[in-house]
Every structure is written in C-alpha cells, then in structure tokens.
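Chemist: Pasting the sequence and the predicted model now:
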Amino acid sequence: VINTRTPFFTNDPNSHPAMKDMPAEHLHVQRFLSAPVIYNNEVVGQVALANSAREYTDDDLVVVRRLASLYALAIHRLRAEDQLKRSLEEKTVLLKELHHRVKNNMQVISSLLSLQSRKIDDDRYREMFLESKNRIHAMALVHERMYHSEDMARIDFSRYVRELTERIRYSFIMDSGRIRLAIDVRDVHLSVDE
C-alpha cells in the first residue's frame, strides 16, 4: 500500500504477492485490508486491518479509505497547528527583541540628555533636560515591561507605577532615603494602546 498508494484487501493472503518472502516468525495473516494515508500527495502512513472474524468486502475497503482520509485531515491539522505555533513563537521573539531595542535606544537618548544637562549652568534649562530625560525613562520602562512580559498585549500597570516612581525619586534626589513613597494603586493590567 505504501509503495503502490493503492488500497486493497485480501481474504487469501497466501496467494497475494506481498506475502512472498515473508519471514517465518511473522504473525500469521488470515485476512488483510489496508489503505494509504495520503496528505499533500505524500503517503504519511497506512490504515491496516488483519484477521477479522469474517471476510473483508468492498464496503469494508470504502470505510477504511474514508478513515484514512480522516487521518490525513487530522495530520494536516496537526501540522498546520505546529506551523502556527512556530510562527507565533518567532513573532513573539521578534516583538520582544523590538521592544528591547527601542528601550535601549531610549536609554541612549536619556544618557545623552544627562550628559548635555551637566554642561548647562542655568537651573531652569537643566530642569527641562531632566524632565525630558524622565519622560524618556517612563517610555523606555514601558518597552522594558513589554519584553519581560509573558503577555505581550497587556502591562502590569501597578508594577509599572512602582518602578517609575522609584526611578523618578532616584533621579531627583541624592539622598533617596529621606523621602518615603506612598503608592496606592490597584493591580491593574492595561492594553498596549492604553
């Protein structure tokens, strides 16, 4: 069946050409029915029955051919699901890499603003640079949360708020131990758009 791609049955296997040169220890076959499982024009297996209590008929062969077709559909579905899973995993990895790179680029911009602000004597302008740096940090933190998240569609906003306030507190004061943060935020998950 696998070589010829043709379903068949026999109620007299000893006279069938496939039984020639069969090893002596092979299971004794009284009756045999088989149909190929074909997927995408490729034989991926066979459905085989042997030694029924009654003789096989053309009707039995029709049923087994239909069963082989169902197996082919099942194999097709499993392969398609595997391909979808692999594709989704690839996209997830690429998306996480994108968020990681965006975060890194924002950190570079933030560092450049920090370096530039050190050369500014006017407190008002230096404060503007620091505010811009903190805004970029806030956006970079979103991207960092995204590439560390298992769920790429949602962000744990309460965790984000805690991390953001810690970073802002650290950037504004030299002795961060002198200020105590009181954060009151529920466990909220926001979508990427929010």
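Modeler: All right, it came through fine.
Chemist: ranges for the strands of this structure?
Modeler: For the chain, the strands defined by DSSP state E occupy 8-10, 32-39, 42-50, 154-156, 189-191.
Chemist: ok, now how distant is the residue nearest the centre of the chain from Lys96?
Modeler: Centroid-nearest residue in the chain, with C-alpha atoms, centre = their mean: Glu89, separated by 3.1 Å. Relative to Lys96, Glu89 is positioned 11 Å away (C-beta to C-beta, to the nearest Å). The C-beta positions use only the backbone N, C-alpha and C, and glycine is treated the same way.
Chemist: just to revisit the earlier point, pick the most deeply packed of the strands of the chain.
Modeler: Per-stretch averages of neighbours, counted by mean count of other C-beta atoms under 10 Å, single out strand 32-39 among the strands of the chain, with a mean of 20.
Chemist: related to what we said a few turns ago, including distance to Ser114 and mean pLDDT, could the strands of the chain go into JSON lines?
Modeler: Formatted as JSON lines, the strands of the chain follow (distance: least, C-beta to C-beta, whole Å; pLDDT from 0 to 100):
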{"stretch": "strand 8-10", "distance to Ser114": "79", "mean pLDDT": "89"}
{"stretch": "strand 32-39", "distance to Ser114": "60", "mean pLDDT": "92"}
{"stretch": "strand 42-50", "distance to Ser114": "61", "mean pLDDT": "91"}
{"stretch": "strand 154-156", "distance to Ser114": "25", "mean pLDDT": "79"}
{"stretch": "strand 189-191", "distance to Ser114": "28", "mean pLDDT": "81"}
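Chemist: Dump the ones you listed to CSV, plus distance to Glu131.
Modeler: Formatted as CSV, the strands of the chain follow (distance: least, C-beta to C-beta, whole Å):
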stretch, distance to Glu131
strand 8-10, 81
strand 32-39, 62
strand 42-50, 64
strand 154-156, 23
strand 189-191, 23
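Chemist: Report the angle between the top helix by length along the chain and strand 32-39.
Modeler: As assigned by DSSP state H, the longest helix anywhere in the chain is helix 58-117. Counting by axes from the mean of the first three to the mean of the last three C-alpha atoms, to 10 degrees, helix 58-117 lies at 30 degrees to strand 32-39.
Chemist: Does helix 58-117 pack against any helices or strands, and if so which?
Modeler: Judged by 3 or more C-beta pairs under 8 Å, 6 or more residues apart in numbering; DSSP states H and E, helix 58-117 is in contact with strand 8-10, strand 32-39, strand 42-50, helix 123-148.
Chemist: hmm, who's touching the second one?
Modeler: Spelled out, it's strand 32-39. For strand 32-39, contacts defined as C-beta atoms under 8 Å, 6 or more residues apart in numbering pick out 1-2, 5-10, 13, 16, 43-52, 56, 60-61, 64-65, 67-68, 71-72, 75-76, 79.
Chemist: ok, back up a step: and the longest helix of the chain, how far from the chain's centre?
Modeler: 4 Å (C-alpha atoms, centre = their mean, to the nearest Å).
Chemist: Can you tell me what sits against stretch 139-151?
Modeler: Residues from elsewhere that reach stretch 139-151, judged by C-beta under 8 Å, 6+ apart: 95-97, 99-100, 102-103, 106-107, 110, 152, 155-156, 159-160, 163-164, 167, 189, 192.
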